[in-house]
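**Q** how would this look folded up:
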Amino acid sequence: QVQLVESGGGLGQAGGSLRLSCAASGIISRVNAMGWYRQAPGKQRELIASATVDGGTYYLDSVKGRFAISIDNAKNTVYLQMNSLKPEDTAVYYCNADVQYWGAGSYRRSRSWGQGTQVTVSA
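**A** This is a model prediction of the structure:
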């Protein structure tokens with residue numbers, strides 16, 4: 001089993017910064033990719049940033065140049081540094097991880113979600 005625990009959300013001001021963290025627990029042998037999604041009220045969940053084991057990254061156009069994703073492989077943790085925050089960044093942020101782990105006597109692949117953390121940006 002793989003569990004993701006997020007931290008770092010809260011209240012930010014427009015133009016300010018916040019950093020989100022998401023740690024994966026379990027007997028993880030390899031991280032294939034980790035990413036961040038967000039869901040604003042009344043809207044669909046959207047992928048905003050992701051990083052793969054080979055170093056590839058993706059950013060939603062609206063966060064390019066403001067947000068940065070990074071993975072600490074030693075800690076199985078993904079971070080999202082959010083700078084130049086805007087009120088429209090207000091949403092629940094979810095991390096997602098595609099990992100290989102050891103469980104029930106074999107290596108398995110897991111795509112897991114964190115519980116979500118609220119980010120609210122005031123004008």
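**Q** do you know how far the residue located most distally from the centre of the chain is from I27?
**A** In terms of distance from the mean C-alpha position of the chain, G105 ranks first, at 28.7 Å (C-alpha atoms, centre = their mean). Distance, G105 to I27, using C-beta to C-beta, to the nearest Å: 11 Å. Using the backbone N, CA and C atoms, a C-beta is placed for each residue, glycine as well.
**Q** list residues touching both of those two?
**A** Shared contacts of G105 and I27, defined by C-beta atoms under 8 Å, 6 or more residues apart in numbering, are absent.
**Q** for the record, mean pLDDT for stretch 41-57?
**A** Per-residue pLDDT over stretch 41-57 has a mean of 95.
**Q** now that stretch, how far from the centre of its chain.
**A** 7 Å (C-alpha atoms, centre = their mean, to the nearest Å).
**Q** hmm, who's touching it?
**A** 30-39, 58-60, 62-63, 67-71, 78, 80, 91, 94, 96.
**Q** That one: which residues count as buried?
**A** 45, 48-51 (16 or more other C-beta atoms under 10 Å).
**Q** just the CA coordinates of that stretch, formatted as CSV?
**A** Coordinates of each C-alpha in stretch 41-57 appear next as CSV, following Å, rounded to 0.1, in the frame of the first residue of the first chain:
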residue,chain,number,x,y,z
PRO,A,41,-15.4,25.1,-6.6
GLY,A,42,-17.7,24.2,-9.5
LYS,A,43,-14.8,23.2,-11.7
GLN,A,44,-13.2,19.9,-12.8
ARG,A,45,-10.0,18.7,-11.3
GLU,A,46,-7.1,19.8,-13.6
LEU,A,47,-3.4,18.8,-13.8
ILE,A,48,-1.2,21.8,-13.1
ALA,A,49,2.3,20.3,-12.9
SER,A,50,4.0,16.9,-13.1
ALA,A,51,7.5,15.5,-13.2
THR,A,52,8.7,12.1,-14.4
VAL,A,53,11.6,9.9,-13.4
ASP,A,54,13.5,10.9,-16.5
GLY,A,55,13.3,14.6,-15.7
GLY,A,56,10.4,15.6,-17.9
THR,A,57,8.1,18.2,-16.5
